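**Student:** Here's my sequence, what's the structure:
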Amino acid sequence: MSNGLREGMGATVSQRVSSPPPLPSFSISSASFMDFVVSYPKSGNNWTRLVTAAYEKEVSSEDLVQLKSGDVMELNLTDIATKHYQSVSPLPVLDLDFATQVRLRPAALLLLAQDASFLADRKPFLIQSHHINAQINDIALWHPDWVDRVVNPVRDPREVCCSQAAHFGISYAKSAQLMADPNARTGPGDSPDLLWFTSTWSAHARSWLDVDEFPVHTVRYEDLKANPVGEFYNIFSFLGVSDLSVEAVEGAVEKTRFDRLQEAEAEQGAPGTAPDQEQFFRSGKTDGWKDELPTDVARKIEEDHGEVMEALGYL
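**Tutor:** Numbering: from 1, shown residues only. This is a model prediction of the structure:
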């Protein structure tokens, strides 16, 4: 072959390579969507999960109070389970720093979605999380690729402060300080799972109030307590429950009354209890802070979070 012919062919190939056609793009639907209940800690997250798990299912208050250690399998589901992260990490996941753990989250949640898919006949159920809706080093903690819907309970931060202090065995002042820490993280009190990034109470609440990527149903804990059947009916409707009935919601609410959960806990214990916590299902009150919280701590919380408290009707 002559040099001239080789040069000519080279020019033709060069021209083609310099203007490659666009890569084809395909849209493939995903079956990995999951429903979550996400809240700042001590805001009704577990109660919401329990009522959902009790809806039209043959479970008792004694079954429900066992949470992740019991036979109600959907109560085992959380987005920080070590097993999901360890399955996608070549290194011991609990030895990794938080930023590195977050990099594993997209793959770990695919495994969570697989576990959730095995329980499709148990719907409705909600997967537990306390993560803020934010990015960590440009990695989103939440993404529509795996989120279908989010139920977001919020609670008066003064009441949260009291409940959190009892849960962790810390002072009210320390609890309020934690609620104002922009880098705050927390985890389950009874298991070696990863941590949730909660940030401040205000930042957490704000992050879930205006979300466009997927549907979010925000409900005040105080409204859940005042009208549990009506508010949980709205939650089940939001979750797309078919053949929804008031009677079925009433049955789920009845099984999860705080006095029944407390009685079951007194008889057999509650595995969710933190090491320094005397009782997991504490009181469920909506105004107990008025008698419990020192005035200076209450004023500090109002100073730290007043703007969001006012927006949510707490001031």
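**Student:** May I see the buried residues of the helix or strand where residue 84 lies?
**Tutor:** According to DSSP states H and E, residue 84 maps onto helix 82-86. Across helix 82-86, burial judged by 16 or more other Cβ atoms under 10 Å covers 82, 84, 85, 86. For glycine as for every other residue, the C-beta is placed from the backbone atoms N, C-alpha and C.
**Student:** try stretch 244-257
**Tutor:** 248, 249, 251, 252, 253, 255, 256.
**Student:** List the neighbours of it that are in contact with it.
**Tutor:** 47, 50-52, 54-56, 59-61, 64, 228-229, 232-233, 236-237, 260 (Cβ atoms under 8 Å, 6 or more residues apart in numbering).
**Student:** Measure how buried the spatially closest residue to residue 157 that is not a sequence neighbour is and give me the count.
**Tutor:** With sequence-adjacent residues excluded and distances taken as Cβ to Cβ, 6 or more residues apart in numbering, residue 157 is closest to residue 201, at 4.7 Å. By other Cβ atoms under 10 Å, the residues close to residue 201 number 29.
**Student:** for residue 201, what are its contacts?
**Tutor:** With Cβ under 8 Å, 6+ apart, residue 201 has these contacts: 40, 157, 160, 179, 180, 304, 305, 308.
**Student:** Which strands and helices lie in contact with the longest helix along the chain?
**Tutor:** When the chain is parsed with DSSP state H, its longest helix is helix 98-117. Helix 98-117 sits against strand 34-38, helix 82-86, strand 135-136, strand 139-140, with contacts defined as 3 or more Cβ pairs under 8 Å, 6 or more residues apart in numbering; DSSP states H and E.
**Student:** Pull the residues that contact that helix.
**Tutor:** By Cβ under 8 Å, 6+ apart, helix 98-117 touches 31-34, 77, 79, 81, 83-85, 87-89, 93, 96, 127, 136-137, 139, 141, 143, 145-146, 185, 194-195, 197.
**Student:** for stretch 207-218, same thing?
**Tutor:** 38, 132-134, 142-144, 147-154, 199, 234-235, 238, 311.
**Student:** Which members of those residues are classed as buried?
**Tutor:** The buried subset of the contacts of stretch 207-218 (16+ other Cβ under 10 Å) comprises 38, 132-133, 142, 147, 149-154, 199, 234-235, 238.
**Student:** Just those: which are in strands?
**Tutor:** Using DSSP state E, the members of the buried ones among the contacts of stretch 207-218 that fall in strands are 38, 147, 149, 150, 151, 152, 153, 154.
**Student:** where do the helices sit along the chain?
**Tutor:** 3-18, 45-54, 61-64, 82-86, 98-117, 157-168, 172-179, 201-209, 221-226, 228-238, 246-255, 258-268, 289-292, 295-311.
**Student:** any chance of these in CSV, with distance to residue 123 and mean pLDDT too?
**Tutor:** As requested, the helices of the chain are exported to CSV (distance: least, Cβ to Cβ, whole Å; pLDDT from 0 to 100):
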stretch, distance to residue 123, mean pLDDT
helix 3-18, 52, 47
helix 45-54, 9, 94
helix 61-64, 17, 73
helix 82-86, 20, 97
helix 98-117, 9, 96
helix 157-168, 29, 95
helix 172-179, 33, 98
helix 201-209, 22, 98
helix 221-226, 21, 97
helix 228-238, 11, 98
helix 246-255, 13, 95
helix 258-268, 22, 72
helix 289-292, 35, 95
helix 295-311, 32, 98
